[in-house]
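Novice: Predicted coordinates and the sequence they were generated for:
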Amino acid sequence: MSSFTNIIILIVTAMVMENVVFARAVGIDHLLEQDRGYKGILTFGFWVGAVAIFAAIFSWVAITTFQVVFILNKFKAIMVLASVSIAYIGLTFLFNKKDLRKLHIEEQLITLCCYNGAAFLMVLIAITTAKNFLEVLAYCIGGTIGLIIAILLIHAGRERLEMCRVPASFSGIPIMMIYIGILGLAIYGLVGHQLPT
Amino acid sequence: MALPFVIVPVTSLKTALIISAFIAIATIPVATLSPLINQKIPAVYRLPIYSMFSLICVVILRMNLTSYASALDVLGLYVFLSAVNGIMIELTIFNNRETVLKGFKDSFFMCLGFLAIACIIGALREVLTFETIGGIHIKLWNFRLVGVSLPFFGFILIGLINALFRNFSKVFMRILIAYSDKKKLKAKENL
């Protein structure tokens, strides 16, 4: 029971407190340029999650098998990036097959899913902090859900801001950054964090 | 293109300089060499090879910066994340340059721009949080804004600076246009 509670706590922590977008700003440069609809966002989030989970499994197996080599975090980082790269190569070959082209998934999406930093960072944090494989998986799942929620919130904010009268200097990226900052602050307040003193 | 590195880990001038060094080491060698080897590598293997090369460069630099342990602790996993930064991906994959010189020039100036912005934000945050710049104590006012070092303030600060630069560039353009109009008028009068 306690391990189940731990996993739920880990998922919520990865989702809210350690949100890859609001708390770590990872992938924010790509997210600001994206203008996908809600379906596109869900597809993007799904593939980031798939890449992260694959990379987590692959990295965990490699790191636990060759424990002596991967004592230091820097070597773990190399292993995680190698896993993400394998996922990228696999996905590219998969989407180049004729029958999967019907899904209209462009090459740039695969590149962004794998190399926008979110999948890499999620797996790296999970691998360096988690104690067992289940915790690694829980962190990746929580992180992915958090990422999807964050992108949806950014998209919804952009839609509303486009309808508002914003001063010319602030229109576009500046107002979005301020919006994300205030949203991040609100989530930070909800979590109940204390400012460092 | 490398926004996350400015928003979260840059909380002082020292961290700004160190993360800029990591971004430079992850970007400049790859962007310079990529025009030479781009045609020899199949497209699907380019990004994995480039990112791995960048990460190895980053790891080597990290091993040589042991004297900056406290700053490296603040940067945390962002050091490794710098290997897949947006500047590197843009210059090698999305808009890869045709010649070595172009690759080097563009990557160098992009990294220089990153350094400038990182230093401005790092210095501002350091002054507001610790009342120091580069470790030198300065007292401008009688309060400390501790929350400035948190990520959400990074977002807000970047947004404000972006708007400020836009405004400056607009004013600058207006001055340039007015100056060129004056020159044209003078030339007409002389005729």
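Specialist: Sure, I can see it. Model, not experiment: these values are computed from the prediction.

Novice: which element is residue 128 on?
Specialist: Just going to use chain A. Element membership for residue A:128 (DSSP states H and E) is helix A:118-129.

Novice: my bad, chain B
Specialist: helix B:100-130.

Novice: Tell me the strands beside the helix or strand just after that helix, with direction?
Specialist: Toward the C-terminus, helix B:100-130 is succeeded by strand B:132-133 as the next helix or strand (DSSP H and E). Using DSSP bridges, strand B:132-133 pairs in its sheet with strand B:136-137 (antiparallel).

Novice: Remind me what the helix holding residue B:128 packs against, helices and strands.
Specialist: For helix B:100-130, the elements it packs on are helix B:3-7, helix B:13-37, helix B:86-89, strand B:132-133, helix B:151-190, judged by 3 or more CB pairs under 8 Å, 6 or more residues apart in numbering or on different chains; DSSP states H and E. Backbone N, C-alpha and C define where each C-beta goes, glycine included.

Novice: so for it, what's the average pLDDT?
Specialist: Mean pLDDT, computed over helix B:100-130, is 90.

Novice: buried ones in that helix?
Specialist: Buried residues in helix B:100-130, counted by 16 or more other CB atoms under 10 Å in any protein chain shown: B:103-104, B:106-107, B:110-111, B:114-115, B:117-130.

Novice: Sketch out the helices for chain A, chain order is fine.
Specialist: Applying DSSP state H to chain A gives helices spanning A:2-12, A:28-33, A:38-65, A:73-95, A:107-115, A:118-129, A:133-162, A:173-191.

Novice: Provide a list of residues in contact with the residue nearest the centre of chain B.
Specialist: A centroid search over chain B (CA atoms, centre = their mean) returns residue B:114, at 1.6 Å, as the residue closest to the centre. By CB atoms under 8 Å, 6 or more residues apart in numbering or on different chains, the residues touching residue B:114 are B:2, B:5-6, B:20, B:23, B:87.

Novice: swap the cut-off to 10 Å and go again
Specialist: Contact partners of residue B:114, counting by CB atoms under 10 Å, 6 or more residues apart in numbering or on different chains, are B:1-3, B:5-6, B:16, B:19-20, B:23-24, B:27, B:85, B:87.

Novice: center of chain A, which residue is that?
Specialist: Centre-nearest of chain A using CA atoms, centre = their mean is residue A:118, 3.6 Å out.

Novice: so what's the residue lying closest to residue A:167 once chain neighbours are set aside scoring on pLDDT?
Specialist: Of all residues not flanking residue A:167 in the chain, residue B:163 sits nearest, at 7.8 Å (CB to CB, 6 or more residues apart in numbering or on different chains). Looking at residue B:163, its pLDDT is 91.
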